[in-house]
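Undergrad: I'd like to go over a predicted model; first the sequence, then the structure.
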Amino acid sequence: MDVLTSRRIVLLGKTGAGKGSLANTILGETLFSTNDSPNSGTSRCQAETKSVHGRSVTLIDTPGFFDTGRSEEEVKPEIVRCITECAPGPHAFLIVLKVEKFTEQEQEVISKICNFFSEDALKYAAIVFTHGDQLLDGMTIEEFVSQNKNLNNLVKKCGGRCHVVDNKYWKNNEEDSYRCNKFQVAELLNTLDKMTEANQGRCYTNEMLQAVSRDIQREEELIRQSSGNMSQKEIEKQAKTSVVNKLLITLAGVATGALLGALLGVAKMVISTAGNLQGLSDLSATARGRAMVASAAQNGGVNGGLIGYNACEGAETSVQAMQKAAEAVWRQSGLATGQNNKESICNKNGGAGS
């Protein structure tokens, strides 16, 4: 194996699966934060690079899907950082599960991964089980997987690639080669080599990752032109930080635009149809009314998101992006001209205008 071979590997899984500990086991050094409490161990995306078995391995640990005590809005910035770290795309995803019952929650994690990256990501994925000490004596991980139909189907979708470690008890096990992290890590890396070869050396990518990669390259060139004596590593780090900040600003503008657009879309629909309804309560009381609300919200959200995306250009902070997006959506909504619309809907439904 060429010493220059490089691998970008993203670890995915729910809170408490042991992603950070697995990363340390693979690298043979404690570089990633871990937490044995029921709460989320990883609250920030973290990437570390080290030579392992003749490979330059970059592991990217991610905030747990279903992070405890954290809202979706809190997790989004870390997902953005993860995307930036692995651009133009990872060579492999490691989906981390415990050796335990495969429940609906685990299935939901897999669904969320596929929704976020697409099901094609499974062509670049391997399943790694932690807490291998929970395997029955003499049982292999393949035998464990075969006992659950859904889990077996998942492993098949990942090309049959599955491995097991135990970050606590298998560190220096010399009596049983199978129940030894050193053996399992070597087998895992060999599996990833074969997978990469089958994928003709390509990394997983999509339009989003490609766009981020181009942004990073542009930032690196701008920094290089005025960097003085900065090293390439420092330039890369600064470029990624700049791209993360810009993505978060854009995300704030798009999210604000989409939310306000959805609300105003429903408001416009109510104004235009109120005369045909017995009362506004009909919107929630009838299937037709609910469908109208859903359609108006969806269309308004899409249009608002696009308006927000364009409006936040030039914003220097997320707050500025949100303000620009809100103002732009409101201006283009057609509801920003006086009280005529408000009075119209109130009069149609027998209400007061104040």
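TA: Done, it's in. Numbers count the residues shown, from 1 in each chain.
Undergrad: From here on, just use CA atoms for contacts and neighbour counts.
TA: Noted.
Undergrad: Ramachandran angles for the residue most central in space within the chain?
TA: What sits nearest the mean C-alpha location of the chain, by CA atoms, centre = their mean, is residue 79, with 4.6 Å. Note on residue 79: backbone dihedrals following degrees, to the nearest 10 are phi -60, psi -40.
Undergrad: Equivalent analysis for residue 9, please.
TA: Per-residue torsions, residue 9: phi -130, psi 120 (degrees, to the nearest 10).
Undergrad: do the one 3 residues further on as well
TA: Backbone torsions for residue 12, taken as degrees, to the nearest 10, come to phi -130, psi 150.
Undergrad: contacting residues for residue 154?
TA: With contacts defined as CA atoms under 8 Å, 6 or more residues apart in numbering, residue 154 is in contact with no residue.
Undergrad: Against residue 94, how distant is it?
TA: When CA to CA, to the nearest Å is the yardstick, residue 154 and residue 94 sit 13 Å from each other.
Undergrad: Can you give me the domain boundaries for this structure?
TA: Annotated domains of the chain cover 6-205, 241-348 [automatic domain parsing].
Undergrad: contacting residues for the closest residue to residue 120 other than its chain neighbours?
TA: The spatial neighbour of residue 120 that comes closest, neighbours along the chain excluded (CA to CA, 6 or more residues apart in numbering), is residue 114 at 7.8 Å. Residues near residue 114 by CA under 8 Å, 6+ apart: 120-122.
Undergrad: Quickly find the element holding residue 114.
TA: Per DSSP states H and E: residue 114 is located in helix 104-117.
Undergrad: and the helix or strand just after that helix, which strands flank it?
TA: Note on helix 104-117: by DSSP H and E, the next helix or strand toward the C-terminus is strand 125-130. If you go by DSSP bridges, strand 125-130 pairs up with strand 92-98 (parallel), strand 162-164 (parallel).
Undergrad: Could you export those as CSV, including mean pLDDT and mean neighbour count?
TA: Output for these, formatted as CSV (pLDDT from 0 to 100; neighbours: other CA atoms under 10 Å):
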stretch, mean pLDDT, mean neighbour count
strand 92-98, 94, 23
strand 162-164, 96, 24
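Undergrad: Quick one: those strands as CSV, columns for distance to residue 149 too.
TA: Compiled in CSV, the strands paired with strand 125-130 are given as follows (distance: least, CA to CA, whole Å):
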stretch, distance to residue 149
strand 92-98, 16
strand 162-164, 15
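Undergrad: wait, which of those strands is closest to residue 231?
TA: Evaluated with CA to CA, the strands paired with strand 125-130 place strand 92-98 nearest to residue 231, the distance being 27.8 Å.
Undergrad: mind listing the helices in the stretch 51-200 of the chain by residue range?
TA: Across the stretch 51-200 of the chain, reading from the start of the chain, the helices by DSSP state H, counting those that start in this stretch fall at 72-86, 104-117, 141-146, 149-157, 181-198.
Undergrad: how about the strands paired with strand 125-130, which one is nearest residue 86?
TA: If we rank the strands paired with strand 125-130 by CA to CA, the stretch that ends up nearest is strand 92-98, at 10.2 Å.
Undergrad: can you state the direction angle for that closest one and helix 104-117?
TA: Interaxial angle of strand 92-98 relative to helix 104-117 (axes from the mean of the first three to the mean of the last three CA atoms, to 10 degrees): 170 degrees.
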